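> Whatever this is, show me its structure:
(2 chains, ligands or ions: 2)
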Amino acid sequence: MMGWTTLLLALREIRRNLMRSFLTVLGIVIGVAAVVTMVTLGNGATQAVSDQITSLGSNLLLLRPGQRLGPGSSSLGAPSFRAADAEAIKSQIGSLTAVAPAVSRTTLVVVGSKNWATSVTGSTEDYFSAGNWKLAEGRIFSPTEERAGKAVCIIGATVRRELFTEHSPVGDMMRIRQFSCEVIGVLAAKGQSAMGRDQDDTVVMPLRTVQRRLTGRLDVTNILISMMDDASTTQVINQVTALMREQRKLADNEDDNFSVQDTKEIAKALSGTIGTMTALLGAVAAVSLLVGGIGIMNIMLVSVTERTREIGIRLAIGAQEKEVLLQFLTEAVVLSAFGGLVGLLLAAVACYFLASLLALPLIFSPGINLLAFGFSAAIGVIFGYVPARRAAQLDPIEALRHE
Amino acid sequence: MKAESPHAGTDALITLAGITKTYGHGQAAFQALSGIDLAIRQGEFVAIMGPSGSGKSTAMNILGCLDTPTSGAYLFEGVHVEHLSRDQRALLRRHYLGFVFQGFNLLARTTAQENVELPLLYRGETAQARHELALGALRSVGLEEWAYHTSSELSGGQQQRVAIARAIVTNPKVLLADEPTGNLDSKRGHEIMELLVNMNREHGITILMVTHEPDIAAYAGRIVHFVDGKIARDAVNGETA
Ligand SMILES: Nc1ncnc2c1ncn2[C@@H]1O[C@H](COP(=O)(O)OP(=O)(O)O)[C@@H](O)[C@H]1O
Ligand SMILES: [Mg+2]
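Ligands and ions are numbered 1, 2, ... in the order given. I've put the predicted structure just below:
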């Protein structure tokens, strides 16, 4: 009787009660898919931030006009920097490895019949070491080229992919607005930033070239300052702040109209925020799992009268309690496991598409998959099995009388 | 089997001795059976009659091992049923008893064939044997053509016949039927009775049947009258004497 027959009986019951089976499975599918998707995407976001922290390079400070970075902050009205500010920092403050003034513009770049809108950054050669950039091929511009404002550029991996074919683009010409520049190097790919921006979607040129040909002004948007490994971050921040107040001739009672930020701190804060978001989304998803569970419970309880009578019939024609229970358990396990698997599958598909849509890395975590599956399966099994157990312990006639 | 025996009913298939059944407790307690003594031999066809509420169904449920008596002894082939465990009683039902309920008690949304083969599943018959036996039982109740219809597509009489097919498909020793014709018109009722008489004569199945209709009871060889939870009269019917 056990074994195949039990499975057969269970499958027959599932088919006989298609609607109830479908609703049970649906509850589990939704719960599992929601939890797994939310947590997987949240983990992806956290991973993206920690990738960003590593890709930032060590000990990088960011000098920006205006106060503080964050919601509501504004650099409006605050005077911007000049290349001379960067030179002053470099010459007057010790224990720095690179100081790079930078200005960026989003511009259409054209190669042959293809064009691509990208961020063109003008900076000095320090930009590459400060930003932890590596070259995939070619070279970076020399100080001479930088001073002369030569039309040379180094392109990011995305720009290379969008505009050039298989062969090396080094030596090719690229048109930016009304001028042409020569591609002298290609940057090694870095991937997405913490905010989901594609860091490889970039073109780097000498600062002077961008100022003359693109922006037409001497302003620089911000200054990247890279410190030596053993430098004290607070001390350097204090020195840079004092120097900038002096450069900008701020009186003692005036507030700073610029800010110096440790990029690691920014990334860490961001990562903390995302962690909180992940926990929140996970909690929302867990609630949906619970609601799914309550739905299953309702379906099971509604059908308890019919099921009790059914159990009475089975007992009356000679089924033993354990045989009836095994059948109900099998039914619950089959439904729950099926629902759980479909839920995991759905989550995998949803994660795949959402991750690429949100530009997040896809991180498969066996833990959350197992947890969600286990929890929903437990709900299905408990609510499918417990009412059945109560019914199967009755005398057959009691079960048959159940109203 | 010995015709005479020192203990009453030792040659009987079924013996009830001093069976009582009390529903509820304390103030609400109600004694539905107050001391039933009854012996039934192999191959008998017994009708149980009596007014409504006299305890006929209660006695049938106890005889069918669906319910347990409050006190008294129930011997089935000399075995004390009241000492058996739940599982042992399930096996007794599975292998020796067939029960036809007043309210059919078929599985909903299930075909006649699947309903009939249900007891065979628990007896571990192969799929092929289940199928053939179920169709055979349906044929004997004249429902072969309705084998693949679900209960809701069948009339009351047809459902009752499916229930009978389910009870006889295992070829039980005893068939217990609680008002098997209660929900049927008299033509259908007589058809069912012909069927039961046939089962009794051809297959030697012992039949216990509750009815309140005298012309239905007339098919039985012996009529037991219940009044107020006691047996008022127990007489041989017609020429079977
Ligand atoms: N489950 C029960 N709980 C309480 N009283 C019951 C129950 N079943 C039957 N009775 C009572 O026991 C008596 C006998 O019932 P029953 O055996 O069904 O009578 P019959 O089948 O002869 O009409 C009736 O008075 C009925 O009300
Ligand atoms: Mg009755």
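> Can you list phi and psi of A:Ile93 for me?
With angles defined as degrees, to the nearest 10, A:Ile93 sits at phi -110, psi 130.
> Quickly note the distance from the residue nearest to it when sequence neighbours are not counted to A:Ser95.
Using CB to CB, 6 or more residues apart in numbering or on different chains and skipping the chain neighbours, the partner closest in space to A:Ile93 is A:Gln239 (5.0 Å). C-beta coordinates here come from the backbone N, C-alpha and C atoms, glycine included. As judged by CB to CB, to the nearest Å, A:Gln239 and A:Ser95 stand 9 Å apart.
> Tell me which of the two has more neighbours.
A:Gln239 (18 against 14; other CB atoms under 10 Å in any protein chain shown).
> Could you verify that A:Ala355 is part of a helix?
Yes - counting by DSSP: H, G, I helix; E, B strand; the rest coil, A:Ala355 is part of a helix.
> Surely it is in contact with A:Leu362?
Yes - using CB atoms under 8 Å as the test, A:Ala355 is close enough to A:Leu362 to be in contact (4.4 Å).
> near chain B, which residues of the stretch 301-403 of chain A?
A:306, A:309-310, A:312-323, A:395-397, A:400 (CB under 8 Å from any CB of the partner chain).
> Other residues contacting whichever helix in chain B runs longest?
Assignment by DSSP state H gives helix B:186-203 as the longest helix of chain B. Contacts to helix B:186-203, defined as CB atoms under 8 Å, 6 or more residues apart in numbering or on different chains, come from residues B:43, B:45, B:140-142, B:157, B:160-161, B:164, B:168, B:171, B:175, B:177, B:180-181, B:184, B:205-207, B:209, B:213, B:215-216, B:219.
> Give me the buried entries from these.
Listed as buried from the contacts of helix B:186-203 are B:45, B:140-141, B:157, B:160-161, B:164, B:168, B:175, B:177, B:180-181, B:184, B:205-207, B:209, B:216, B:219; burial here means 16 or more other CB atoms under 10 Å in any protein chain shown.
> Pull up the distance across stretch B:61-73, start to finish.
This stretch, stretch B:61-73, spans 15 Å end to end (CA to CA, to the nearest Å).
> Can you list phi and psi of A:Leu187 for me?
phi -80, psi 150.
> again but with A:Ala332, I slipped
phi -60, psi -40.
> Let me know whether it touches A:Tyr385 as I believe.
Yes - at 5.3 Å, A:Ala332 counts as touching A:Tyr385 under the criterion of CB under 8 Å.
> Just want to know which of these two has more residues nearby.
Comparing A:Ala332 with A:Tyr385 by other CB under 10 Å, the one with more neighbours is A:Ala332, at 24 against 19.
> Would you mind giving the secondary structure of the closest residue to the more buried one other than its chain neighbours?
Leaving out its chain neighbours, the residue that sits closest to A:Ala332 by CB to CB, 6+ apart is A:Gly384, at 2.9 Å. Recorded secondary structure, A:Gly384: helix (three-state DSSP).
> which ones are touching A:Gly384?
A:24, A:296, A:300, A:328-329, A:331-332, A:335-336.
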